[in-house]
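1. have a look; sequence and predicted model below, questions after that.
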Amino acid sequence: MPMTTRKPTTMTTTPRASQHFASLTFSGDVMLKRLPSNVSMLLQRTTKQGLSLDPAIANTVATAMKEWALEHGATHYCHWFQPLTGQTAEKHDAFLSPLNEGGAIEKFSGSALIQGEPDASSFPHGGIRDTYEARGYTAWDPTSPAFILKSGDVATLCIPTVFVSWTGEALDTKTPLLRSISAVNTQAMRILKLFGTDNGVQHVSATLGCEQEYFLIDSDLVAERDDLTICGRTVMGSPPPKGQQLEDHYFGSIPQRVLAYMADSEDQLFALGVPVKTRHNEVAPRQYELAPTFELANVACDHQMLTMHVLRSVAQSHGFTAILHEKPFARVNGSGKHNNWSISTDTGINLLDPRDDAHTNLEFATFLTAVIRAVDSHALLLRASIASAHNDHRLGANEAPPAIMSIYLGDMLTGLIDTLESGKSGKTPKSAEMDLGATTLPNIPKHSSDRNRTSPFAFTGNKFEFRAVGSSANCAWPATVLNTIIAESFDWVATEIAKAAGKGPTAAKFETAVRSVLRDVVKKHRRVCFDGDGYGEAWHKEAAKRGLPNLRSTVEALPSLDSKETKALFAKYEVLNARELHARYEVQLEQYTKLVVIEAKTMLSMGRTQVLPAAIRAQSELADAVGGTIAAGVDCADSMVALKALVGEVTLLRKALAELETTIKGVSGSALASAQSVRATVVPAMERVRSSCDFIETQIPADLWPMPTYVDMLLMRS
């Protein structure tokens, strides 16, 4: 088979924790010091090569883990898992066990490390478990390091695990993620073997780096807003006179309080092994971003859940509330969680790095075109992977990519697929330099392609950035879907190349076969590639002409999870069986309905108990003023107009609140029917209530408005 010589891609290293923080993860140097060399080697092989763990080493690992945890003050351990709530879960057990003859012993066995038994009926399960069928299991995931989580003076050893039912069906996000990672490995290795470049490669891993956007709002102000406290977003609020229109917050000087919070968060994340790299102001006032370097996808997803936990918990000690909702404030930027995805070999090769020979590197072109095919062939499924009630407020808005799944390639890779489609030869542009026009300034290298922040799936040098993922999401599910559809595409491409090349092909015949397959893929699927303005209405029209789906809401997107095609896909690559997949479809529909209804009930309460009373008081004060002015014989036509407008809006608000209550009561039926009802009736009713509340806020005295305003929360404090 043809062979090419490749050099490992330089990998970014994990930042070292601050010197005054000891490592709180059972990995790396900690593992090497505390485990016999053979045990450490076996455990690292499991982590790096995806091989099965030898159960015989469990007791040795458990003992070392326990001793390390005790030295750090831990009194309990827990299996840390990720149920279908989108959050994490844990049940703490003490190391201390009583003895029959009296006294107690600190005990932690290999069996306790490997398996736990939580109640499986009280978590979302989509019909897999009934209330009376309570047994479930957690099982140790040795590919993700255990860690010690501290809360004040309390320390707990947390062991990342999967969570399955008594029947063995997955009830979590980690199990299908691990399965999808295996699928990517299997199919990527097939391509490497076809090209003869698998020498020394034992495993191909999906890698991930998850950026995190968030808002920091003063806790005392949040406490005065029921919507932020209960829902994580404001269901009403008039826009401030100054938002982000001056574009002065983005990358601006970080306020001192915020910088102290960021540094504190980073210290804790470093200690937990999270490779935090970047921090900065985001576009909206009081919005910020944190970004790590990339890691193996499973570890990156665990670390992302830890990142959200740390951001929230540290904020409390700085007088902030960290808000991770996708759209906490209307009319300003929402928050996303850009998932930077790639694939790398265990020998250090990034298979999506085009390097300097992109136009002649057919192996890279094969992986690239397979990704293009995956996004186009499974656009509905990819859209469903980021669907949620929260993200509906953000997708398609002026700071987020649209709900149309498209790929940004940039000039260099667009040139590459042009040559593949035409069959003509091409050259990879050499790196250019920019002369900045001042003798005191150096020439700087110019990248071969621009960046496009309007694209939901953009190539950014040596990875794809899935920008459409929401800021509060557990990124394991989008990663699972992405891994699965790309594994299918790798499989298809590898099969077609092998078929076209035949047995024992010459180098020339093999190259001809590869180019033929890739040309067909590009011709059929390049419609999904778009490098222009994804925010513009013109793209929506163009996408419709190309036949690309545009599912604007969660309710439109989720049914693709329950299709025959999706079931067959997940079953073929052993990521989810039909019951497991249907369960996720049911759970996500139910969560959508419940979240929107909770928001609607919160809005109903705030409207009736806070906004209406304030408006009526303002109406009464204004009426008294108008009456007194008229009694004095002074013209007050303008005040009368204002009074009539306020009275009219109060009447509209009463009517809108009554309609909202009626729509909430009308939600019933199956999971899909309920979600459809919510989308069709409750959401529009909420918009009408908000319109009245926001108008009233602008018409009544500030001292009568019963809650902190957008100005108070976003502009008045630093």
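-> Yep, that arrived. It should be emphasised that the depicted structure is a prediction, and the values quoted were computed from it without experimental measurement. Residues are numbered from 1 along each chain as shown.
2. ok, the spatially most central residue of the chain - contacts?
-> By Cα atoms, centre = their mean, the chain has its centre lying nearest to residue 475, at 3.8 Å. Shown in contact with residue 475 (Cβ atoms under 8 Å, 6 or more residues apart in numbering): 208, 210, 300-301, 304, 337, 339, 469. Any C-beta I mention is one placed from the backbone N, CA and C, and that applies to glycine too.
3. from those residues, keep the buried residues only.
-> Neighbour-count burial within these applies to 208, 210, 300-301, 304, 337, 339, 469; the criterion is 16 or more other Cβ atoms under 10 Å.
4. out of these, which comes closest to residue 576?
-> When the buried ones among the contacts of residue 475 are compared for distance to residue 576, the smallest value, 16.3 Å, is given by residue 301; criterion: Cβ to Cβ.
5. residue contacts, the closest one?
-> Residue 301 makes contact with 173-174, 177, 208, 210, 474-476, 479 under the criterion Cβ under 8 Å, 6+ apart.
6. for residue 387, same thing?
-> 551, 553-554, 557-558, 588.
7. how does it look with 6 Å?
-> When contacts are counted by Cβ atoms under 6 Å, 6 or more residues apart in numbering, residue 387 is found next to 554, 557-558.
8. sorry, back to before: looking at the buried ones among the contacts of residue 475, which is nearest residue 513?
-> Distance ranking of the buried ones among the contacts of residue 475 against residue 513, using Cβ to Cβ, places residue 208 first at 32.2 Å.
9. that closest one should be in a strand, yeah?
-> Yes: residue state for residue 208 (DSSP: H, G, I helix; E, B strand; the rest coil) corresponds to a strand.
10. isn't it up against residue 302?
-> No: using Cβ atoms under 6 Å, residue 208 is not in contact with residue 302, being 10.6 Å away.
11. which ones among the contacts of residue 475 map onto helices?
-> When DSSP state H is applied, the contacts of residue 475 are split such that 300-301, 304 fall in helices.
12. let me have the buried ones among the contacts of residue 475 in CSV, extended by pLDDT and distance to residue 645.
-> Shown next, in CSV, are the buried ones among the contacts of residue 475 (pLDDT from 0 to 100; distance: Cβ to Cβ, whole Å):
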residue, pLDDT, distance to residue 645
208, 97, 53
210, 95, 48
300, 97, 54
301, 97, 52
304, 97, 48
337, 93, 42
339, 95, 47
469, 95, 43
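13. now stretch 107-115, how far from the chain's geometric center?
-> 32 Å (Cα atoms, centre = their mean, to the nearest Å).
14. what's around the residue lying closest to residue 237 once chain neighbours are set aside, how many residues?
-> Leaving aside its sequence neighbours, residue 237 sits nearest to residue 710 (Cβ to Cβ, 6 or more residues apart in numbering; 5.0 Å). Around residue 710 sit 22 other residues, with neighbours defined as other Cβ atoms under 10 Å.
15. same check, this time on residue 494
-> Counted with other Cβ under 10 Å, the neighbours of residue 494 add up to 21.
16. state the pLDDT value of it.
-> Residue 494 is assigned a predicted lDDT (pLDDT) of 98.
17. can you check residue 109 too?
-> Reading off the confidence values, residue 109 has pLDDT 85.
18. so what's it up against?
-> Contacts of residue 109 were listed using Cβ under 6 Å, 6+ apart, and they are residue 62.
19. same question for residue 466.
-> Under the criterion of Cβ under 6 Å, 6+ apart, the neighbours of residue 466 are 339, 341, 457.
20. now residue 213, what's its secondary structure?
-> For residue 213, the assignment made with three-state DSSP gives strand.
21. surely it meets residue 289?
-> Yes: contact status for residue 213 versus residue 289: in contact at 4.9 Å, counting by Cβ under 6 Å.
22. next, show the common contact partners of the two.
-> residue 282.
23. what about residue 465, how many residues nearby?
-> Each residue near residue 465 was counted by other Cβ under 10 Å, and the total is 24.
24. run me through the strand neighbours of whichever strand or helix holds it, direction for each.
-> Taking DSSP states H and E as the criterion, the element that holds residue 465 is strand 464-466. Within its sheet, strand 464-466 is paired with strand 339-345 (antiparallel), strand 457-459 (antiparallel), according to DSSP bridges.
25. for those, could you give me CSV that also reports distance to residue 627?
-> Putting the strands paired with strand 464-466 into CSV (distance: least, Cβ to Cβ, whole Å) gives the following:
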stretch, distance to residue 627
strand 339-345, 61
strand 457-459, 62
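26. just the buried positions in stretch 541-550, please.
-> Neighbour-count burial for stretch 541-550 [16+ other Cβ under 10 Å]: 542-543, 546, 548, 550.
27. just the residues you listed now: which is nearest residue 135?
-> When these are compared for distance to residue 135 (Cβ to Cβ), residue 550 comes out closest, at 43.5 Å.
28. just to check, the closest one is in contact with residue 404?
-> Yes: the criterion here is Cβ under 6 Å, and residue 550 meets it with residue 404 at 4.8 Å.
29. follow-up on the earlier one: can you tell me which of the contacts of residue 301 are in helices?
-> Per DSSP H, the subset of the contacts of residue 301 in helices is 174, 177, 476, 479.
30. ok, the second one - contacts?
-> Okay, so that is residue 177. 476, 480.
31. can we start the residue count at 55 from this point?
-> Okay, using 55 as the starting number, the last item reads as residue 231.
32. and the pLDDT at it?
-> Confidence per residue is given as pLDDT, and for residue 231 that number is 98.
33. against residue 145, how distant is it?
-> From residue 231 across to residue 145, the span is 21 Å (Cβ to Cβ, to the nearest Å).
34. bridging residues for residue 133?
-> The bridge-partner assignment for residue 133, based on DSSP bridges, gives residue 213.
35. correct me, but it touches residue 214?
-> No: the criterion here is Cβ under 6 Å, and residue 133 misses it with residue 214 at 8.2 Å.
36. low pLDDT regions in this structure?
-> Where the chain drops to pLDDT under 70, the residues are 55-76, 101-106, 152-160, 185-187, 410-414, 450-455, 479-506, 772.
37. how about the residue located most distally from the centre of it, secondary structure?
-> Ranking residues of the chain by C-alpha distance from their mean position (Cα atoms, centre = their mean) puts residue 687 at the top, at 64.2 Å. Per three-state DSSP, the secondary structure class of residue 687 is coil.
38. what do you get for the one 5 residues further on?
-> For residue 692, the assignment made with three-state DSSP gives helix.
39. returning to what we had before: CSV for the contacts of residue 355, including distance to residue 383?
-> Written out in CSV, the entries for the contacts of residue 355 read as follows (distance: Cβ to Cβ, whole Å):
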residue, distance to residue 383
227, 28
228, 32
231, 32
262, 28
264, 23
528, 23
529, 23
530, 27
533, 28
